[in-house]
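Chemist: This is a predicted model, with the sequence first.
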Amino acid sequence: MTASENPPALTTVDRLEGLYGLTGTDLGLDEAAFTRRVTLWEQLAAEQGGTPRQQQARVRVTALTNAITALMRRADKFRAEGDITTERDILGRVEVFQGWLKAAEAEADPASPSSGGPRSANPAPDITGYGIGGDR
């Protein structure tokens, strides 16, 4: 594929819809409000620094967290109305989103303990007779 055949770069809004089927409707927002919200998430991710890939992953983490929150609100509404079947369907979607969230978190911060990424330990812990760092 030559440079002239490369597809145009995806916007973050398009990427969220393509990867997760996430749209403004899922968050109770119209298209313009969702686009503004995604722009805000991009700015927040840029403030945290990191590589462009990490910044994109941070935007996905924020978007997925917001989507999970919105889904849980809907599930609570159906639970209150006694519609257990719909609530279970929504909670099933929440589990899928949580899997995606965990993967995005690992990509956003590979050194985070929750990411399962590389970690480092104290190479010379202060071990005493009563445990680590104890003075009794």
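Modeler: It's in.
Chemist: what's in contact with stretch 16-28?
Modeler: With Cβ atoms under 8 Å, 6 or more residues apart in numbering as the test, stretch 16-28 has contacts from 10, 30-31, 33-35, 37-38, 59-60, 63-64, 66-67, 70-71, 97, 100. Yep, even glycine has a C-beta here, placed from its N, CA and C like the rest.
Chemist: Show the buried residues in the residues you listed.
Modeler: With burial judged by 16 or more other Cβ atoms under 10 Å, the buried subset of those is 34, 37-38, 59-60, 63-64, 66-67, 70-71, 97, 100.
Chemist: can you pull out the helices in the protein?
Modeler: Secondary structure of the chain (DSSP state H): helices at 12-20, 31-47, 52-81, 84-108.
Chemist: Can I get the ones you listed in CSV including mean pLDDT and distance to Asn6?
Modeler: Below are those laid out as CSV (pLDDT from 0 to 100; distance: least, Cβ to Cβ, whole Å):
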stretch, mean pLDDT, distance to Asn6
helix 12-20, 94, 15
helix 31-47, 95, 22
helix 52-81, 93, 17
helix 84-108, 92, 23
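Chemist: And those helices: which comes nearest Glu5?
Modeler: Closest approach to Glu5 among these (Cβ to Cβ): helix 12-20, 19.0 Å.
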